[in-house]
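A.B. asks: Following is a predicted model, sequence given first.
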Amino acid sequence: MGEAVIRTIVEAIHSSPTQAVVYLSGGASVALGWLMSVPGASNTLLEAVVPYSRISMVQLLGRVPSQHCSQAMANEMALLAYNRAVKLSKPGFPVIGVGFTGALATSPPKRGDHRFFLSMRASDRIWETSVTLTKNLRSREEEDKVASRVLIQAMAKACQVSGTLDSGLTESEVPDESETQFSEEQELEQLINGQLCFKIYPFSKEAYGSDQDRKIILPGSFNPLHDGHLKLLEVAMSVCGGGYPCFELSAVNADKPPLSVAEIKDRVKQFEAAGKTVIVSNQPYFYKKAELFPGSSFVIGADTAARLVNTKYYEGSYKRMLEILGDCKRTGCTFLVGGRNVDGVFQVLEDLDIPEEISDMFVSIPAEKFRMDISSTELRKKQGGVDKRKREIEEEVEHSSK
């Protein structure tokens, strides 16, 4: 009876749109078997990692943990899993990161408590669960099954799946549970300070082909977003033959202060009005963007392409430039290059000196398909002139009325 209920709940989890990365250490291993043995597992499970050895955990965290079994550790694992999930997931799909750490029954018996900590991280909230088990009541295998049931029930809740699973806990083993929600402002602050790697605003309601795992990304500051941006991405989609089109706004700039939360929200509103998906990231450099979005195609202008292969930006080293762009190439990323006015001269990809070793990364968008002579900078200057003249007229009217 119990196994049938578990299967029903897992089937419902797999039928939900939520995708997950799961990091487990010290228990709940049976949960992975349940998740993977029910058809549809690939709809939910993007990746599962069991960092069991000390070195494995150090490599996962990037540091030596002060305590292996704690709520803080489960939270950190869940956040890492969440950031991994947004990189692996289909654009616009809800994701969760699952972190579990336990100290269950061992041989020889341990002196401390038998306990486990669980954390589920979504973009806008975190669910925390801690349980202290009664010692000498169950075998290691039985404790693992209890922890696994608690994990499956928590995943069901995070996936908004109904159904109750008997965890097997006794009346005295009361879980300590909490849920903390984050506002959009808090999420963006977490992104700016590096806790979250990016946030997706899936405003587009259009359906795309089966190749939607591949993102077609147009990066920019979008101050403002204009018709040239929209047309360029549209043409890029026709050139590359499929994928999920989206814009990318970096909250962190290479040579300027980061955008404020208010500035990010203002720029995001433009995409909401246009019905276009935008990703807000914290990586201004393309080699870092390639790590965030492996296998993607970045849509850029010829001026940006020229800077990408300019050794000035690699401490004058041609070798260093090839190494960095070679790393981008190995992630499966490409660059779709549109023509742009550079110092008063219209240039296309063919006008640039691209090293042969990386030339296949760059794909030209024909000038007859797209030509962008407009820029956000020029639009801001024009808007500034309009605003200035408007103020002058208002002052003249006010002065004449006195």
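C.D. replies: Structure received. Numbers count the residues shown, from 1 in each chain.
A.B. asks: Now do the helices in this protein.
C.D. replies: Here the chain has its helices, by DSSP state H, at 2-15, 29-37, 41-44, 54-61, 71-88, 140-158, 184-192, 227-240, 261-274, 286-292, 302-308, 318-330, 376-400.
A.B. asks: Return the residues in contact with the residue lying closest to G194 once chain neighbours are set aside.
C.D. replies: Spatial nearest neighbour of G194, chain neighbours left out: N282 (6.2 Å); criterion: Cβ to Cβ, 6 or more residues apart in numbering. No exception for glycine: its C-beta is placed from N, CA and C like everyone else's. By Cβ atoms under 8 Å, 6 or more residues apart in numbering, the contact set of N282 is L191, I192, G194, L196, C197, F198, S250, A251, V252, P258.
A.B. asks: Among the helices of the chain, which one carries the weakest average confidence?
C.D. replies: Mean pLDDT values for the helices of the chain show the minimum at helix 376-400, a mean of 52.
A.B. asks: gap between stretch 60-73 and the chain center?
C.D. replies: Computed by Cα atoms, centre = their mean, to the nearest Å, the chain-centroid distance of stretch 60-73 equals 22 Å.
A.B. asks: who does R125 bridge with?
C.D. replies: Note on R125: beta-bridge partners by DSSP bridges are Q181.
A.B. asks: My read is that it contacts S183, right?
C.D. replies: No. Using Cβ atoms under 8 Å, R125 is not in contact with S183; the gap is 10.5 Å.
A.B. asks: which of the two has more neighbours?
C.D. replies: Shown here are R125 and S183; by other Cβ atoms under 10 Å, R125 has more neighbours (14 against 10).
A.B. asks: got a list of what the more buried one touches?
C.D. replies: R125 touches E179, T180, Q181, F182, counting by Cβ under 8 Å, 6+ apart.
A.B. asks: Roughly how far does E184 sit from L191?
C.D. replies: The spacing between E184 and L191, counted by Cβ to Cβ, to the nearest Å, is 10 Å.
A.B. asks: okay, the two: which has more neighbours?
C.D. replies: The neighbour count for E184 versus L191, taken as other Cβ under 10 Å, is higher for L191 (22 against 15).
A.B. asks: Next, the contact list for the more buried one, please.
C.D. replies: C197, F198, K199, A251, V280, S281, N282.
A.B. asks: Greatest separation within those residues: which pair is it?
C.D. replies: C197 and A251 (11.2 Å; Cβ to Cβ).
A.B. asks: what's the overlap in contacts for those two?
C.D. replies: Residues touching both C197 and A251 comprise L191, S281, N282, with contact defined as Cβ under 8 Å, 6+ apart.
A.B. asks: Tell me the one of those nearest P294?
C.D. replies: S281 (13.7 Å).
A.B. asks: check contacts around the closest residue to the closest one other than its chain neighbours.
C.D. replies: Using Cβ to Cβ, 6+ apart and skipping residues adjacent in sequence, the residue nearest S281 is F198, 4.0 Å away. The neighbours of F198, taking Cβ under 8 Å, 6+ apart as the test, are V86, L191, I279, V280, S281, N282, Q283, L292.
A.B. asks: Now do F198 against C328, distance only.
C.D. replies: For F198, the distance to C328 - Cβ to Cβ - is 17 Å.
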